[in-house]
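A.B. asks: just the structure for this:
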Amino acid sequence: MAQEASRDVVPNPDGGWDVRAPGASRASSHHDTQAEAIARGREIVQNAGGGELRIHDRDGRIRDSDTIPPGHDPNPPRDRK
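C.D. replies: Modelled structure (predicted):
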């Protein structure tokens, strides 16, 4: 899985939760609750072709991770008639 498809759900210092690409200075999205951030992080990773979603706790430590499969096949097989 590509590194760029990975995302981290991290606490925002000003409150709420961010979905952030590894090493990025800006968040992909911001949410009031961790559950909302996790759901959006899954969507982002799935739409990017699959990858890893790492979920951090309030102290910034990874508490869980999930491998997300691709959302769709970009090259589906052709129908043979």
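A.B. asks: how about the helices in the protein?
C.D. replies: Using DSSP state H, the helices found in the chain span residues 34-47.
A.B. asks: now do the strands in it.
C.D. replies: 7-11, 17-20, 29-31, 51-56, 62-68 (DSSP state E).
A.B. asks: a markdown table for the ones you listed, including distance to residue 78 and mean pLDDT?
C.D. replies: C-beta: built from backbone N, CA, C; applies to glycine. A markdown table is the format used below for those (distance: least, CB to CB, whole Å; pLDDT from 0 to 100):
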| stretch | distance to residue 78 | mean pLDDT |
| --- | --- | --- |
| strand 7-11 | 32 | 97 |
| strand 17-20 | 35 | 98 |
| strand 29-31 | 36 | 98 |
| strand 51-56 | 27 | 97 |
| strand 62-68 | 27 | 95 |
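A.B. asks: now distance to residue 43 and mean neighbour count too, for the ones you listed, in a markdown table please.
C.D. replies: Converted to a markdown table, the strands of the chain look like this (distance: least, CB to CB, whole Å; neighbours: other CB atoms under 10 Å):
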| stretch | distance to residue 43 | mean neighbour count |
| --- | --- | --- |
| strand 7-11 | 10 | 23 |
| strand 17-20 | 9 | 24 |
| strand 29-31 | 9 | 17 |
| strand 51-56 | 10 | 19 |
| strand 62-68 | 9 | 13 |
